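Colleague: Provide a 3D model corresponding to the input given below.
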Amino acid sequence: MKLSCFAVATILSGLFATIVNFPAKTLAQARREPFPLVGGVTLGKLEYASFATSPERQLEAAIRSAIKRDFPEWSLNNLSPVTYSYVKKDINGDGRADAFVYINNSIGSGSGGLHVGIFQANSSGYQLVGRFLHTWALVINAKKTSGWNEILVVPGRIDRYPDIFYSTCRFDPNRSVGSRNSDSLLGKYGDCREIQRNAVISGILISGVNPVGGKPTFRLNP
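Modeller: As a prediction, the model looks like this:
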């Protein structure tokens, strides 16, 4: 079933009322079930992506620009501090490591998970090409569309609501990256479709919730 950008955004969105507070998992538990398995879905071969251990200034500039444009209420100040965590993987085969950035903020993260921005690396820095709201985890699939890896999205609250399910999102170079109130909210990764029940999930796992190896966070200054 193909989902519109608005429908996907609604599924991946949630209330902003509470900070994410999932119980800690042991290493064995995290590897056995890194996210809720529903609808008969099982795990295939997973590679666990590691989060970066030091900040990157060029990436911070791109994150700061995206926040000021799309989420001004986060107000990059001491009253509402924003931190970020990120994983770098080349997902378009150009030899540059692109960035999956988790945004942590008392307004932008809630019981449904964290916002994730996908930033393409280029010769001058980074450019936002896609975003997912309130995610539990992402899985980079080996299959490509338009030269970019497809991404499986595990939305927050998938274990609580039967109408929420995993989606595979494909890169569409003809899509734009719009503001959060527009039809192009998800950006170039806005072509999202629910996966089949009883599917096997394989690929590179990027987990925003209790990831194996931890998730270092860095303060984003104004």
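Colleague: same for the one helix or strand Tyr126 maps to, what does it pack against?
Modeller: Using DSSP states H and E, Tyr126 sits in strand 125-145. For strand 125-145, the packing partners by 3 or more CB pairs under 8 Å, 6 or more residues apart in numbering; DSSP states H and E come out as helix 5-12, helix 57-70, strand 98-104, strand 114-122, strand 148-155, strand 167-170, strand 200-207. Yep, even glycine has a C-beta here, placed from its N, CA and C like the rest.
Colleague: now with 7 Å, please.
Modeller: helix 5-12, helix 57-70, strand 114-122, strand 148-155, strand 200-207 (3 or more CB pairs under 7 Å, 6 or more residues apart in numbering; DSSP states H and E).
Colleague: C-alpha coordinates for that strand, CSV please?
Modeller: Presented in CSV, the C-alpha positions along strand 125-145 are these (Å, rounded to 0.1, in the frame of the first residue of the first chain):
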residue,chain,number,x,y,z
GLY,A,125,29.4,20.4,3.5
TYR,A,126,26.0,18.8,4.0
GLN,A,127,22.6,19.2,2.6
LEU,A,128,19.3,18.0,4.1
VAL,A,129,17.6,15.5,1.7
GLY,A,130,15.1,13.8,3.9
ARG,A,131,13.6,13.5,7.4
PHE,A,132,11.6,11.1,9.4
LEU,A,133,9.5,12.1,12.5
HIS,A,134,9.4,10.0,15.7
THR,A,135,11.3,6.9,14.7
TRP,A,136,12.4,4.0,16.7
ALA,A,137,15.0,2.8,14.2
LEU,A,138,16.0,2.8,10.6
VAL,A,139,17.4,0.0,8.5
ILE,A,140,19.5,0.8,5.4
ASN,A,141,18.5,-1.8,2.7
ALA,A,142,20.9,-3.0,0.1
LYS,A,143,18.3,-2.4,-2.6
LYS,A,144,18.7,1.0,-4.4
THR,A,145,16.3,3.4,-6.1
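Colleague: could you number the chain from 6 rather than 1 from now on?
Modeller: Noted, 6 is the first residue going forward, which turns the last one into strand 130-150.
Colleague: on that earlier part again, let's have the helices and strands packed on strand 130-150 in JSON lines, adding mean pLDDT, distance to Ile145 and mean neighbour count.
Modeller: Output for the helices and strands packed on strand 130-150, formatted as JSON lines (pLDDT from 0 to 100; distance: least, CB to CB, whole Å; neighbours: other CB atoms under 10 Å):
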{"stretch": "helix 10-17", "mean pLDDT": "40", "distance to Ile145": "17", "mean neighbour count": "19"}
{"stretch": "helix 62-75", "mean pLDDT": "88", "distance to Ile145": "18", "mean neighbour count": "17"}
{"stretch": "strand 119-127", "mean pLDDT": "92", "distance to Ile145": "10", "mean neighbour count": "22"}
{"stretch": "strand 153-160", "mean pLDDT": "96", "distance to Ile145": "5", "mean neighbour count": "24"}
{"stretch": "strand 205-212", "mean pLDDT": "95", "distance to Ile145": "4", "mean neighbour count": "20"}
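Colleague: looking at the ones you listed, which is closest to Leu138?
Modeller: Nearest to Leu138, of all those, is helix 10-17, at 4.4 Å by CB to CB.
Colleague: and Trp141, how many neighbours does it have?
Modeller: By the criterion of other CB atoms under 10 Å, Trp141 has 24 neighbours.
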